[in-house]
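coords please:
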Amino acid sequence: MFLAASNFFEVLKLYGPLPDELEEKIKYSKWKAADLLKREQTLPTLSGSFPPEMTKSAAEIHDSLQIPDHLPAGYKPSTGDADPKLLDQAEKYSRQAISAIQFEDVKAAIGCLEKALRTLKSIKN
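Now for the predicted structure:
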C-alpha cells in the first residue's frame, strides 16, 4: 500500500509541482515500503499471473526505489482521523489509475486520479 501511495503521488507530479508536505509523504511512503520489503525479503507470488521475466524480487524492487536514509525532519504521520471508507475509495481510484496507466489509457487514468483527488480533498483532517 505504501508503494502504491508513493506511485500515486509521483503521478500527481504530472500536474505540476507538489507542496513540500506531499514530497515528504512520498519519501515516507518509499521508506516504509522498503522497510516492509526488508522485513518480508520475498514478495508473494501471483500464481502464473505474470511471465517469469516480468516478475521482480523484493531485492530488485528495493534497489529500484530511491529511498531516503531517514524520515524527513519534522515529519508527522497523520493522526488517522480520516474516514476509512473515503480513504478506501481514494485508494481504489488510485489503483484504477495505475491500471489505466499500465494499459496506456491516459484519459481513464486522468479521470481516476481526479476522482481520487476529489475524494481526498473531501476528507477533513
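
Run through who's touching stretch 9-22.
Counting contacts by CB atoms under 8 Å, 6 or more residues apart in numbering, the residues outside stretch 9-22 that touch it are 25-26, 29, 97-98, 101, 109, 113, 117. No exception for glycine: its C-beta is placed from N, CA and C like everyone else's.

change it to 10 Å
Around stretch 9-22, the neighbours that count as contacts under CB atoms under 10 Å, 6 or more residues apart in numbering are 23-27, 29-30, 72, 75-76, 94, 97-98, 101, 106, 109-110, 112-114, 116-117.

In ChimeraX, how would I select the buried members of those residues?
Entered in ChimeraX, the line below selects the buried ones among the contacts of stretch 9-22, by 16 or more other CB atoms under 10 Å:
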select :24,25,26,27,29,30,72,94,97,98,101,109,110,112,113,116,117
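
Which of the contacts of stretch 9-22 fall within strands?
The strands, defined by DSSP state E, take in nothing from the contacts of stretch 9-22.

Show me where the chain has its helices.
According to DSSP state H, the chain carries its helices in the segments 2-12, 20-40, 58-64, 84-102, 106-121.

now the first one against helix 20-40, angle please.
Relative orientation of helix 2-12 and helix 20-40, computed by axes from the mean of the first three to the mean of the last three CA atoms, to 10 degrees: 150 degrees.

Run through this protein and note the low-pLDDT ranges.
Across the chain, the stretches falling below the confidence threshold (pLDDT under 70) are 39-80, 124-125.

tell me the contacts of Arg95?
The contact partners of Arg95, taken as CB under 10 Å, 6+ apart, are 1, 4, 7-8, 112, 116.

Save these as JSON lines, and put in distance to Gly16 too.
Output for the contacts of Arg95, formatted as JSON lines (distance: CB to CB, whole Å):
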{"residue": "Met1", "distance to Gly16": "25"}
{"residue": "Ala4", "distance to Gly16": "21"}
{"residue": "Asn7", "distance to Gly16": "18"}
{"residue": "Phe8", "distance to Gly16": "15"}
{"residue": "Cys112", "distance to Gly16": "18"}
{"residue": "Ala116", "distance to Gly16": "16"}
